[in-house]
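**Student:** please work out how this folds:
(chains A and B)
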Number of protein chains: 2
Amino acid sequence: MKINQFAYVQPSHEQIIKELADIRFLSARTQKMADPVMLYRALLLKFYLEKRQSRAVRIRKVANLMATPELNAYDYTIKQSGVSKTAFYNVALQLLGFQVGLDFDLTDPLAALTKFSLPIADVADSLSRDQLIDAWYRLLNTRTKFGQTLIDQLAGQGYYAQFAGDQQLKRPLFFNGKAQAVFDTSQLIRDVVYVESSLDTDHDGQRDLLKAEIIRPANTEDGLKVPVIFTASPYDQGTNDKTADRLTHDVNHPLEHKQPNHATYADIEADETQPELPAPRSIKGSTEVAEETFVKGWTYSLNDYFLARGFAVIYSAGIGTKDSDGVRTTGTRDETLSATAIIEWLHGDRTAFTNRTDQIKIDAWWSNGNVGMTGRSYLGTLSTAAALTGVAGLKTAVVEAGISNYYDYYRENGLVVAPGGFQGEDTDVLGELTFSREQTAADYLKIKDTWQKQLKSLTTGQDRATGNYNAFWDARNLLKHVNVKCDLLLVHGLNDWNVKLSHVWHLRNRLKQEPITQKLILHQGQHEYLNNFRSVDYTDLVNLWLSNKLYEIENHANQVLPDVLVQDNAQPETWRTYQDWGADANVDTYSLADRRFTNLNENNTFSDHLDEDLFKHYVKEPSKWQHALLTKSHSKMDQHAIQLVSEPLKHDLVVDGQAKITLRAASSADIGLLSVALIDYGKAKRLTATPQVLAAQKIITGYQWRKDDLKEFTLEKKASAYKKFTDAHLNMQNRENTYRVDDLRPGQFYSFELTFQPTFWRLLAGHQLGIVIYATDMNYTIRGNQSINYTVNLDDSTLTLPLLGANAE
Amino acid sequence: MKINQFAYVQPSHEQIIKELADIRFLSARTQKMADPVMLYRALLLKFYLEKRQSRAVRIRKVANLMATPELNAYDYTIKQSGVSKTAFYNVALQLLGFQVGLDFDLTDPLAALTKFSLPIADVADSLSRDQLIDAWYRLLNTRTKFGQTLIDQLAGQGYYAQFAGDQQLKRPLFFNGKAQAVFDTSQLIRDVVYVESSLDTDHDGQRDLLKAEIIRPANTEDGLKVPVIFTASPYDQGTNDKTADRLTHDVNHPLEHKQPNHATYADIEADETQPELPAPRSIKGSTEVAEETFVKGWTYSLNDYFLARGFAVIYSAGIGTKDSDGVRTTGTRDETLSATAIIEWLHGDRTAFTNRTDQIKIDAWWSNGNVGMTGRSYLGTLSTAAALTGVAGLKTAVVEAGISNYYDYYRENGLVVAPGGFQGEDTDVLGELTFSREQTAADYLKIKDTWQKQLKSLTTGQDRATGNYNAFWDARNLLKHVNVKCDLLLVHGLNDWNVKLSHVWHLRNRLKQEPITQKLILHQGQHEYLNNFRSVDYTDLVNLWLSNKLYEIENHANQVLPDVLVQDNAQPETWRTYQDWGADANVDTYSLADRRFTNLNENNTFSDHLDEDLFKHYVKEPSKWQHALLTKSHSKMDQHAIQLVSEPLKHDLVVDGQAKITLRAASSADIGLLSVALIDYGKAKRLTATPQVLAAQKIITGYQWRKDDLKEFTLEKKASAYKKFTDAHLNMQNRENTYRVDDLRPGQFYSFELTFQPTFWRLLAGHQLGIVIYATDMNYTIRGNQSINYTVNLDDSTLTLPLLGANAE
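**Tutor:** So this is what the prediction gives:
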């Protein structure tokens, strides 16, 4: 078990005194105590709720802790004249949830602290009064065995709730730069408003109204202005799973020859002229009182955490969703504007109404005007999109696994390439999935024809026939217009094959040109949320970040947060900080004919055609296809791919960034596609990319508030022989770029450069690097099972690897 | 999708009027309305919250529903002069969460209702005022698409919360015989007390104090007396997973010869003399105010559901758990008494103290004295155990997958046979797992030696060497002393290989001799909770049951609940009611040499010995062993078992109860074990025995209260070829009974009767019944890999099947 903590801010002793007084751990009386032992006893007794708990009960709870192998903590404070470092940390470990005997030994707590990567005060064996205060402060800000800081766990036990009647307690309250759970979540107020956007996407002659659902602390009714966490989620009002499933495209059809073109970017640039807009609704009155409320099903647990800490949360699903106007456009500027409209209202720059008909204006009078966005996937995409507009009021976004260019989500180098797990999905399918107006019968009756027309235009525009970049996709490239004004925290899974790594890579590199601070967290998950893990203080990092950006607390978030935080793939619970991603790597180039690579099946040509039965089997079970393709053992795919495997590595090899491969290759037909995967060969228990539950309902985000499962990426139960860590695909007719189509002469060799998904991957010493060159990818590309032979001239083909450190093999 | 509902009670029209007024759907004004259309509009508007929602908002929500293909529901009530059956059910389906177009068509809602098994009023096309009221009542009591009754879903939306200030609203409030969510869960009170038991299991000269955690409605402070739902969970205060894992017994060792005995029951009967007990603590004062409170991690969601409905909930972990005295005894009467002690306190018959030291008495003054127990597995076991004592105050228990005899949990017919998934577990391992006093360092220091001694006595007593029934196990047979006074609801999974079906079978049959009402629910899960499913109204059934037993509401629960409710294994979402389980079956006996059975590998002898490599492989992956054993295809187990397969069945065959097999068999050694499995062969998509999440956080158990996932046992994604539906194991030296050991002469034939786990299993027409006879069971028995050959004389061996209906093949 390793507990990594990156969100701790080191304050001065004076600041510590002040903060401990703020949270009521030091009182006027205890601040005057000179004797460390007496103070220690007071702190320990304070640790257990005073409200509704007698002193006898609290003494027993302290006495349940062992300070030395002989003395319990209460007796220790009676019988000893000083507080020893060993006793302090023996008790500290128990308060943090560690068990004597099982997790540590009372004779040597420091060994356990070191093993778990927990902080130890740099003091001699006996703590002075001031050292005790500092150590206690650090302890409250240390993470427990169960994935929360000790102060957060205490808050969940009711520590702050016991001061509910104390008007002097600060609300909001910050401790170590992070907002504390001092707000009563049983009193949250839930309002619905309808924001009038500057859009008319359903062309009904009226500006699209957008439903927004607000959850805010009751304290706002007494004048408190709070910042807002905004999650723009097109899924939020329901999804049309079955209807969308029915639209899913067949992928078992041949790749077809494309007519060569001489397209330049000018030919396919998106037309950005905006249609004329209806006038805004007239305002017939105004009020401060909402007239609609709601109860939610799914909420983002990170948002709920902040609801206890003095933030409001707003959910809005955007155009084309239930109770809003408009249609889904899957990734255009209109969807972005339906997100920024909510921010503009929160910032006082736009009108919202109390209902859809009466035109009574209602302001976000309870908002302090500062907005931060959260959410993963489509939600993260909209956060990125909103941030890149520079909309006033948006102070940051925590972008989890966001798309930055829709072409890269549904296409790759002139090929239809699916997001992992979603073969046959496309912009039309996603549009239908999220068009939740369909769930309101009366509303859908009115909009049905408009929607079906819009759906057709998505199907046409996305052009699955060619897979080329075109004006449709150009309108869905978020990085085309960058006007970013806020700092950003980017989070992405290194095993995310749904929203692939290129999205965060390109976004991050583009942002480097802008005068903002950006931070990056790369974890070992696939498409996963990262809060509620034990090995990293993600929630605390976000708290520090949002307290800084939205409450404007001077907590040094920009300095404290690492620029790049990467979870190691080879060791569990290991997180490392870096200056950059990909920029510090040394680029090495290898010939594929290099004798360090063994060509496993000694072929440089392969057929993409499988026996019909085998093909059908693999269509049903792509995981079996992938295993046959990638295994080093002989398999039915041996003659359908070229498999190169390096010598065992002498040292660890860290691929940091974007690898490339240049293939000198020919197709036997006038069409062709190339796929390449890089493989980490070596028997090892690897981390699972989906989080495992360590303890159900263990995390308590506030007093009598939401509970969550404690999770972690844990090691596989059985060792695996290999793992694909990056790949690339290309239509051989798109060897210049994604919109230019060239002829492909059968049998003629050309050079094809494929750029892999960016990665950060450690291949352990003793492992082997594998390069597998194939064509149809059952998991991602269309599957024609065509009789095409591919030949690669390995002598003229090279692999380029960005390697971290001097350990290039 | 099928929505089965068994908890609906049919009231008279007058009762309906009264109940609708009680829940405020009819007011003094609307009760007088004669025009069904006007009343209908009023009811629809009432459906949406009046508190914090304007009339404009509510009108729009009604207008979002379509009543006919042309008219929305609001316009319908304006423009039409009557309420048509079609319009009523069009709107009803939408209120229940069904989607126009996707789930049903506005031209024929009745077809959809029939398809989903939803109720339809027996009325002509136009509803009279009274018919409308009756149909509305029925609708509120109908289950939605999302696993709750409509009234429960409304309550989750805040329907009852809007009457928070209305002192006239009944609290508790019953609707259709079921307690409603009218209690404010944000105001729940949480107390800890220490109940003094009549036990001194740790022999410290003081009666064992037992911690109990109480959660009760705030209304109890104003004089309301509430019944109590009690979950006795030894896991509740934490578990010692690692320490227990370390104690897990090795099972890869030989079966050993047992010295024959002539034991009679008198020889192994448990000594029931009770040790002398220390005097109770003197009472030094009394109070009504608790002095300790708590916050819980895991809670049972069914209990939480009842917290919103006027029940208190109490959790207690019993002797040997954190903050209580005593040691774990794994299944003895002492553990039972540590559960009944809590009930006695709740019923006013026992003392509890406010803390562990001061001897200040506190009564359960807020309790109405009626207690019902809930919980699964060990928790259910303690419910059974408590019920069988006849303790006053216990009015019922909902026993989910409870043990009724510990010997049957850890042993079978003179063999060590593990609970499924827990090879090597035994009473000592379970004792260590639940001995959570170990987690409090100071407490453990005091008790460590006593506990290690107790642990050793468990290890000795359980006697893994022989696997025989003995005095240790006799003390853990819950059915030995039956003094039951309360009605019981038994729930068990037909795929539960952890607590196997024999437990509920024997309990139920024993209870038949007692003057109580018992009900039985058999579902298709393994060891699973059943609340929060869509296809069955389990939570409503329990609500009806507990409202009757604990609030003493005359809701005809004993008549309304089916005696036996069984989920079909062959069809999803299908639940059927029966009079009994096993008692109505026709018993058919077949010779194993019958020509209807094909002996797949044509052997009547087999070796239990596997090549060492294969054995090791199967030890690591028992699921591969099981597949090789049971598949009809050739496998590496062909010569290690006898596999008989019937002709394809001409009709469905329903095995209802306890099948038996008599084998005329010989072992080549003086030791031996026999295992037999009955198999349902036939390619089919079978139900998964672990529930799948249909919709996350979709179930809302009260207003701003706990959310839960909606679940179901769904069909496998891939068809499977077979399924084991029952099995049996026997030590050949225990052919008379579980404690009598006979000699076994090598090569000598004896008759062995094995009784299978009781079941309720439908083999579909076209499927084949399989009988697989083998020895070592990698999943359950010890694994000696000994060179023993077994021979079965099939001519002299018979299978006896209890078959439901006349469809014996």
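
**Student:** which bits of the stretch 101-250 of chain A sit near chain B?
**Tutor:** A:101, A:102, A:106, A:156, A:157, A:158, A:186, A:187, A:188, A:240, A:242, A:243 (C-beta under 8 Å from any C-beta of the partner chain). Where you see a C-beta, it was placed from the backbone N, CA and C, and this is true even at glycine.

**Student:** pick the one among the residues you listed closest to residue A:525.
**Tutor:** Checking these against residue A:525 with C-beta to C-beta, the nearest one is residue A:156 at 24.9 Å.

**Student:** am I right that that closest one is in a helix?
**Tutor:** Yes. Per DSSP: H, G, I helix; E, B strand; the rest coil, residue A:156 lies within a helix segment.

**Student:** quick one, what contacts it?
**Tutor:** Shown in contact with residue A:156 (C-beta atoms under 8 Å, 6 or more residues apart in numbering or on different chains): A:148, A:181, A:700, A:701, A:702, A:703, A:705, B:295.

**Student:** tell me the SS of residue A:203?
**Tutor:** Residue A:203 ends up coil, using three-state DSSP.

**Student:** could you dump the contacts of residue A:156 to a markdown table with secondary structure, pLDDT and neighbour count?
**Tutor:** Converted to a markdown table, the contacts of residue A:156 look like this (DSSP: H, G, I helix; E, B strand; the rest coil; pLDDT from 0 to 100; neighbours: other C-beta atoms under 10 Å in any protein chain shown):
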| residue | secondary structure | pLDDT | neighbour count |
| --- | --- | --- | --- |
| A:148 | coil | 97 | 26 |
| A:181 | coil | 98 | 26 |
| A:700 | strand | 93 | 24 |
| A:701 | coil | 94 | 26 |
| A:702 | coil | 95 | 26 |
| A:703 | coil | 96 | 23 |
| A:705 | coil | 95 | 20 |
| B:295 | coil | 94 | 16 |
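
**Student:** dump those to CSV, plus distance to residue B:784.
**Tutor:** What follows is those, written out as CSV (distance: C-beta to C-beta, whole Å):
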residue, distance to residue B:784
A:148, 48
A:181, 57
A:700, 48
A:701, 51
A:702, 55
A:703, 55
A:705, 54
B:295, 49
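
**Student:** of the residues you listed, closest to residue B:598?
**Tutor:** Using C-beta to C-beta, the contacts of residue A:156 come closest to residue B:598 at residue A:700, 59.5 Å.

**Student:** residue A:594 is in contact with residue A:795, correct?
**Tutor:** No. Counting by C-beta atoms under 8 Å, residue A:795 sits too far from residue A:594 to count as a contact (10.0 Å).

**Student:** give me the element the nearest residue to residue A:133 once chain neighbours are set aside is part of.
**Tutor:** Distances taken as C-beta to C-beta, 6 or more residues apart in numbering or on different chains put residue A:16 closest to residue A:133, at 6.2 Å, once the chain neighbours are dropped. Following DSSP states H and E, the helix or strand that holds residue A:16 is helix A:13-22.

**Student:** contact partners of that helix?
**Tutor:** Contacts of helix A:13-22 (C-beta under 8 Å, 6+ apart): A:11, A:26-27, A:31, A:130, A:133-134, A:136-137, A:170, A:173-176.

**Student:** among those, which are in helices?
**Tutor:** A:31, A:130, A:133, A:134, A:136, A:137 (DSSP state H).

**Student:** the fifth one: neighbouring residues, count only.
**Tutor:** Looking back up the chat, that one is residue A:136. Residue A:136 sits with 24 neighbouring residues when counted by other C-beta atoms under 10 Å in any protein chain shown.

**Student:** now the last one
**Tutor:** Around residue A:137 sit 24 other residues, with neighbours defined as other C-beta under 10 Å.

**Student:** now for it: which residues touch it?
**Tutor:** Contacts of residue A:137 (C-beta under 8 Å, 6+ apart): A:11, A:16, A:19, A:20, A:176.

**Student:** and residue A:701, how far from chain B?
**Tutor:** 12 Å (C-beta to the nearest C-beta, to the nearest Å).

**Student:** please read the previous query as pertaining to residue A:374.
**Tutor:** To chain B, residue A:374 is 17 Å away according to C-beta to the nearest C-beta.

**Student:** quick check: that residue touching residue A:397?
**Tutor:** Yes. Applying C-beta under 8 Å, one finds residue A:374 in contact with residue A:397, separated by 7.4 Å.

**Student:** what secondary structure does residue A:458 sit in?
**Tutor:** Secondary structure, three-state DSSP: residue A:458 is helix.

**Student:** skipping adjacent residues, who's closest to it in space?
**Tutor:** Among residues not flanking residue A:458 along the chain, residue A:428 sits closest, at 4.1 Å (C-beta to C-beta, 6+ apart).

**Student:** give me the phi and psi angles of the one you found.
**Tutor:** The phi/psi pair for residue A:428 (degrees, to the nearest 10) reads phi -70, psi -40.

**Student:** go ahead and confirm it touches residue A:452.
**Tutor:** No. With contact defined as C-beta under 8 Å, residue A:428 does not count as touching residue A:452 (11.0 Å).

**Student:** ok, those two, which is more surrounded?
**Tutor:** residue A:428 (24 against 10).

**Student:** quickly note the distance from the more buried one to residue A:551.
**Tutor:** For residue A:428, the distance to residue A:551 equals 42 Å [C-beta to C-beta, to the nearest Å].

**Student:** what residues does the stretch 451-600 of chain A have near chain B?
**Tutor:** On the criterion C-beta under 8 Å from any C-beta, chain B has no neighbours in the stretch 451-600 of chain A.
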